[in-house]
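>>> Next input, structure requested:
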Amino acid sequence: MPNSLPSQSKIQTMRTLTYYASRATAFIRTPGATKMLKEERQRLRQKPEKATPESLYTGARRAVEWLLYAQSQSPDGGFPTLDIGKGFGASYPETSGYILDTLLHWQSHSPSKDVERSINHCAEWLLNIQHADGGWQSGYIDSEKPSVVFNTAQVMRGLIHLWKKQPSDKLAQALDNAMNWIVSVQEPPGVWAKHNYLGKARVYDTYVVAPLTQWAQIRGNSDALQAAEEHIHWVVDKQLSNGWFPDADNTEKHNNRPILHTIAYTIDGLLEYAERTGNSDALASGARAAEVLANRFLEHQRLPGRFDKKWHGSEAVITTGCAQMVVAWSRLMAIQPENELWTKTIDQMCSLLLHMQWTNTTNVNLKGALTGSFPFWGKYEPFRCPNWAVKYLVDALMSHHNFPEPYDA
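Numbers count the residues shown, from 1 in each chain. The predicted structure is shown next:
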């Protein structure tokens, strides 16, 4: 008798379709849905306007305002994500951690009492939910999951920045506990698998290494510095000669064509590590992949959401990954200011990001946000405005070489 049970792959496909259908159905029932669809189709046909210093600042300010508004919809001080058809959900510790880093950068540029309150509220919440082992959970706060290395490191990003602005023993102890836990659960040959999402080793943990290295340098922790270096060696050795990275996706099913979001994590982690240590192998590895994506973007004026090992693209634009790449290209521009590739790519991608930002809308939940995909019915975070997309929009616009200097207070 043939096995009538569906395969694991088919079960996952059915779950994905059900998930997409539920979001699409909720969106269609939303007031103004027809108008939103019409506007998005128009934007797909339109050419982005060239970014100016004024539009860069206005876009970043609107995005910060959206982040503060999103936080106000949460009961705990963290940052939730918007499902357009269902409203705001629970706070996300991981992304709240690196949103904290972004808000601290913004506060240095354009200080305000509202941003200051947001920073302190978020930091207090993050410190209160740290696990006894030193880590922070994966997923949204209502999932009550165990500590995960990647997520813990992103909370560290925000708390390190806050400690540099407002040093305290409480912050330092929380960061020491996080660092020591990350080092303690590393596995040969310099990877994190058991205590990470899916239980798999992934190259985008270079984005763990960057904050780990930063705090280890501050504290003089040689064990953490060695753990970071071992992971970088593992990633650099895995990279293909054309710049593509195996094991770069946050799924098993699509690991042969990872999303731009996690590719960008990998690239930016390598480049930041190189900045902090002078490691030439990390710099060359990150630059090789970043150059491929820069040339691809200039040729097509878009970056697909996924790339296979021959850099063949598929799926809709993932806005988060596009914004992340601006940050990575800006790091390379600082190192190679004479290379016009970075200037052109940053200019044109920031213009596209501003084009994709929701500004001319009466929907208060959307104003200033980015949807997960462009168009918003794409496969990545469909019909949603992930808080991390908006965070990286601010980072990208502020990293632009023409972003205005801080105004006098």
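
>>> wait, doesn't Gln336 sit right on Trp329?
No - taking contacts as Cβ atoms under 8 Å, Gln336 lies outside contact range of Trp329: 10.2 Å. (Each C-beta comes from the backbone N, C-alpha and C, glycine too.)

>>> Comparing these two, which residue is more hemmed in?
Under the criterion of other Cβ atoms under 10 Å, the comparison of Gln336 against Trp329 puts Trp329 first, with 29 against 12.

>>> which secondary structure element contains that one?
Taking DSSP states H and E as the criterion, Trp329 maps to helix 319-335.

>>> helices and strands around that helix, which ones?
Counting contacts by 3 or more Cβ pairs under 8 Å, 6 or more residues apart in numbering; DSSP states H and E, helix 319-335 is packed against helix 260-277, helix 280-300, helix 340-356, helix 387-399.

>>> now the strands: where do they sit in the stretch 1-150 of the chain?
Under the criterion DSSP state E, counting those that start in this stretch, the stretch 1-150 of the chain contains strands at 80-83, 87-91.

>>> Would you mind telling me which of these is nearest Asp347?
Among those, strand 80-83 comes nearest to Asp347, with 28.9 Å by Cβ to Cβ.

>>> ok, that closest one: who's next to it in the sheet?
Sheet pairing for strand 80-83, assigned by DSSP bridges, gives strand 87-91 (antiparallel), strand 384-385 (antiparallel).

>>> would you turn those strands into JSON lines with distance to Pro211, mean pLDDT and mean neighbour count?
Below are the strands paired with strand 80-83 laid out as JSON lines (distance: least, Cβ to Cβ, whole Å; pLDDT from 0 to 100; neighbours: other Cβ atoms under 10 Å):
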{"stretch": "strand 87-91", "distance to Pro211": "20", "mean pLDDT": "97", "mean neighbour count": "18"}
{"stretch": "strand 384-385", "distance to Pro211": "25", "mean pLDDT": "98", "mean neighbour count": "23"}
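
>>> Tell me which of those strands sits nearest to Asn196.
Closest approach to Asn196 among those (Cβ to Cβ): strand 87-91, 21.0 Å.

>>> Any idea how far the closest one is from the middle of the chain?
Strand 87-91 sits 18 Å away from the centroid of its parent chain (Cα atoms, centre = their mean, to the nearest Å).

>>> Only alpha carbons, please: show it as CSV.
Extracted C-alpha coordinates of strand 87-91, given in CSV (Å, rounded to 0.1, in the frame of the first residue of the first chain):
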residue,chain,number,x,y,z
GLY,A,87,-3.0,45.5,13.4
PHE,A,88,0.1,45.5,15.6
GLY,A,89,1.2,42.3,17.3
ALA,A,90,3.5,41.4,20.1
SER,A,91,6.9,43.0,20.7
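
>>> How about residues contacting it?
Strand 87-91 has contacts (Cβ atoms under 8 Å, 6 or more residues apart in numbering) with 70, 73-74, 76-83, 125, 140-143, 365.

>>> could you redo the last one with a cut-off of 6 Å?
73-74, 76, 78-82, 140-142 (Cβ atoms under 6 Å, 6 or more residues apart in numbering).
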